[in-house]
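Chemist: predicted coordinates and the sequence they were generated for:
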Amino acid sequence: MRLSICGGVLALIAGPAFAQSAPAGPSRQGDVAVTIYNNDLALVQDTRQMTLPRGISREEFPDVSAQIRPETVTLAAPDAGIVEQNFDYDLLSPNALMNKAVGQTVTVVRTNPATGTETRESARVLANNGGTIVQIGDRIEVLRDNAHVVFPALPPGLRARPTLSITLDAAIAGTRPVTLSYLSRGLAWKADYVALFDARAGKLDVQGWITLSNTSGTTFANAKTLLVAGTVGGDDNDTYRPNRFGNTGPRGNKSGTETSSREQLGDFYVYPLRDRTTIANAQTKQVSFLNATGVPASKAYSYRNSWLGKLSEAQSVDTVLQFSAAKEGGLGDALPAGTVRVYMRDVRGSPQFIGESAIPHTPMGSALALKTGEAFDVKILPTVEKRERVGDERWRTTMRYQFTNARSDAAMVELAQAGLDGGGHDTRIVEESQKSERPGADEAVWRVTVPANGSATLTATFDTRY
């Protein structure tokens, strides 16, 4: 046979035979199990029935992941051991084929579009950098769309599909199960949550989806699939890391202390897919893993002000959705890291998107407070009303917080004044128009009720080191 390349597509043209890999066909994988972690990492275990001769032989394992980490390969075969292994990742493609032909002689075929007459010329490939340059006789040409190239044979080293070559030393001849295990990039999963919130009823319906993606370059057919929620350590660990509770998000998030009934692997939770599934290359697929209805939930408003933070004009406060992952009165499950997308029904009864928020891996029993957006009608204007020195190192600062509410119902806003102990401020509240809470040394919290179509004012005076 001879190989022809034209317009980026490979075709076979009758000619002399060549002893290389055949074009891609049915998968050569065996019984496949895939364990997928959150940080673009997967463990593939592929058991194939193989007939081995006695002694040393070279065996090929096509259809491994194109993003295999060869240093992680292990092979278990009764009465056989590994002598050497090679991963052939130079895959057959029009560009790879032309790169291998540089310096070689090929046949350039042109077809006259008017007559259909075909002409053939021998050419030497000079370069293939953004275009193919050939020498035909004493002239140099750049190949155009009206020409295609015929190769005498497939160059050594090119494979139709990712292939692992392993040299084995078998003590006895015969057929046996051979299990190939390796780590691979290009397989990942995350959780996505769709939440329908009924504010009047104070209820939440949540559907949890596992979203699988495969960019490994290989399809894994009819695979037993296991998903591990948690961050495994290792080099090149670019794990998805949403904001941790209590950093920049709203108050009200609290880690739970309940143990889920789900399967565990060390310190990780395991989410096995109920049925085997085909994880096709370049595919994203979703599988349901959580369906909770009627979960108690509520809406709240919050605002976190930085130390001496002031505005020249009012700013919207955050809208927060509050609910629980507890067994009683909550979702009743441990939640893998992902994105919660929240919907509410409009006056016509149609669900409409109102916001989304990322959550970290969340133990069962946790309280969640997720920012879904900023309130259109509820605003705050913090100002520094007065600041004066009262000693060599101490200052007295009076803050004023003006709230407005254009809604037809009252709004309760949770205001957190942060930075009270940052940098050694040693802050004391000496006067306040409403009693505060001090959940920590660094912040004070007030819950201010703003009447419907009205306003409210809070003042607080702080004594600080500077």
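Modeler: Looks like it came in fine. Bear in mind that the values here come from a model prediction, so they are computed numbers and not experimental data.
Chemist: how about the strands in the stretch 151-300 of the chain?
Modeler: Applying DSSP state E, counting those that start in this stretch to the stretch 151-300 of the chain gives strands spanning 163-170, 174-184, 187-198, 203-214, 220-229, 264-265, 268-272, 277-279, 283-305.
Chemist: I'd like to check what contacts the fifth one. Which residues are they?
Modeler: To tie it back to what came earlier, the one meant is strand 220-229. Strand 220-229 is contacted by residues 27, 29, 31-38, 44, 189, 191, 210, 212, 214, 265, 268-273, 276-279, 334, 336-337, 361 when judged by Cβ atoms under 8 Å, 6 or more residues apart in numbering. Every residue, glycine included, has its C-beta placed from N, CA and C.
Chemist: let's go with 6 Å and repeat that
Modeler: Strand 220-229 has contacts (Cβ atoms under 6 Å, 6 or more residues apart in numbering) with 27, 32-37, 189, 268-273, 276-279, 336, 361.
Chemist: got the angle between that strand and strand 203-214?
Modeler: 130 degrees (axes from the mean of the first three to the mean of the last three Cα atoms, to 10 degrees).
Chemist: make a markdown table from the strands of the stretch 151-300 of the chain and add mean pLDDT and distance to residue 84 to it.
Modeler: Converted to a markdown table, the strands of the stretch 151-300 of the chain look like this (pLDDT from 0 to 100; distance: least, Cβ to Cβ, whole Å):
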| stretch | mean pLDDT | distance to residue 84 |
| --- | --- | --- |
| strand 163-170 | 87 | 4 |
| strand 174-184 | 94 | 15 |
| strand 187-198 | 95 | 27 |
| strand 203-214 | 95 | 29 |
| strand 220-229 | 94 | 26 |
| strand 264-265 | 86 | 32 |
| strand 268-272 | 89 | 34 |
| strand 277-279 | 92 | 30 |
| strand 283-305 | 94 | 34 |
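Chemist: closest one to residue 382 among those strands?
Modeler: Evaluated with Cβ to Cβ, the strands of the stretch 151-300 of the chain place strand 283-305 nearest to residue 382, the distance being 5.1 Å.
Chemist: quick one: low-confidence ranges for the stretch 351-466 of the chain?
Modeler: 422-424 (pLDDT under 70).
Chemist: buried set for stretch 376-387?
Modeler: 378, 379, 380, 381, 382 (16 or more other Cβ atoms under 10 Å).
Chemist: from the chain's centroid, how far away is that stretch?
Modeler: The chain centroid and the centroid of stretch 376-387 are separated by 38 Å under Cα atoms, centre = their mean, to the nearest Å.
Chemist: cool, and stretch 354-363?
Modeler: 14 Å.
Chemist: cool, stretch 304-316 as well?
Modeler: That offset, for stretch 304-316, works out to 34 Å (Cα atoms, centre = their mean).
Chemist: start the count at 14 instead of 1 going forward.
Modeler: Okay, residue one is now 14; in that scheme the one you just asked about reads as stretch 317-329.
Chemist: span of it from start to end?
Modeler: 11 Å (Cα to Cα, to the nearest Å).
Chemist: what are the contacting residues of that stretch?
Modeler: Contacts for stretch 317-329 (Cβ under 6 Å, 6+ apart): 387, 388, 392, 394, 395, 396, 397, 429, 430, 431, 432.
Chemist: partner strands of the helix or strand hosting residue 475, with direction?
Modeler: With elements taken from DSSP states H and E, the one containing residue 475 is strand 467-477. Sheet partners assigned to strand 467-477 using DSSP bridges are listed as strand 408-418 (antiparallel), strand 441-445 (antiparallel).
Chemist: filter the contacts of strand 233-242 down to the buried ones.
Modeler: 40, 45-50, 202, 281-282, 284, 286, 290, 292, 349, 374.
Chemist: does residue 109 count as helix, strand or coil?
Modeler: helix (DSSP: H, G, I helix; E, B strand; the rest coil).
Chemist: count the residues that sit near it.
Modeler: Residue 109 sits with 16 neighbouring residues when counted by other Cβ atoms under 10 Å.
Chemist: what's the answer for residue 153, then?
Modeler: 11.
Chemist: thinking again about what came up before, could I get the strands of the stretch 164-313 of the chain in TSV, plus columns for distance to residue 96?
Modeler: TSV is the format used below for the strands of the stretch 164-313 of the chain (distance: least, Cβ to Cβ, whole Å):
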stretch	distance to residue 96
strand 176-183	4
strand 187-197	14
strand 200-211	29
strand 216-227	32
strand 233-242	27
strand 277-278	33
strand 281-285	35
strand 290-292	32
strand 296-318	36
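Chemist: which of these sits closest to residue 354?
Modeler: That would be strand 200-211 among those, by Cβ to Cβ, at 5.7 Å.
Chemist: got the buried residues for that closest one?
Modeler: Neighbour count says strand 200-211 has 200, 201, 202, 203, 204, 205, 206, 207, 208, 210 buried, by 16+ other Cβ under 10 Å.
Chemist: tell me what angle it forms with strand 281-285.
Modeler: 90 degrees.
Chemist: pull up the pairing partners for strand 200-211, direction included.
Modeler: Strand pairing (DSSP bridges) places strand 200-211 next to strand 216-227 (antiparallel), strand 351-358 (parallel).
Chemist: neighbours around the residue lying closest to residue 380 once chain neighbours are set aside, how many?
Modeler: Computed as Cβ to Cβ, 6 or more residues apart in numbering, the closest residue to residue 380 that is not its neighbour in sequence is residue 267, at 4.3 Å. Using other Cβ under 10 Å, residue 267 has 14 other residues around it.
Chemist: the strands in the stretch 14-163 of the chain, which residues?
Modeler: 15-19, 22-26, 44-50, 54-65, 68-75, 87-89, 93-101, 118-124, 131-141, 145-149, 152-155, 160-164.
Chemist: ok now the longest one, how far from the chain's centre?
Modeler: A distance of 26 Å separates the C-alpha centroid of strand 54-65 from that of its chain, computed with Cα atoms, centre = their mean.
Chemist: that one: partners in the sheet, and parallel or antiparallel?
Modeler: The pairing partners recorded for strand 54-65 under DSSP bridges are strand 44-50 (antiparallel), strand 187-197 (antiparallel).
Chemist: related to what we said a few turns ago, which outside residues touch the strand holding residue 475?
Modeler: By Cβ under 6 Å, 6+ apart, strand 467-477 touches 408-418, 438, 440-447, 459, 461, 463.
Chemist: just the buried ones from those?
Modeler: 408-418, 438, 440, 459, 461, 463.
Chemist: and of the residues you listed, the nearest to residue 297?
Modeler: For the buried ones among the contacts of strand 467-477, the minimum distance to residue 297 (Cβ to Cβ) is 42.6 Å, reached by residue 418.
Chemist: and the closest one, bridged to which residues?
Modeler: Beta-bridge pairing for residue 418 (DSSP bridges): residue 391, residue 467.
Chemist: quick one: it and residue 461 touch, right?
Modeler: No. Contact criterion Cβ atoms under 6 Å: residue 418 and residue 461 do not qualify, at 10.2 Å.
Chemist: correct me if wrong: residue 86 contacts residue 194.
Modeler: No. Counting by Cβ under 6 Å, residue 86 does not reach residue 194; the two are 7.2 Å apart.
Chemist: the more surrounded of those two?
Modeler: Taking other Cβ under 10 Å, residue 86 and residue 194 do not tie; residue 86 has more neighbours (19 against 15).
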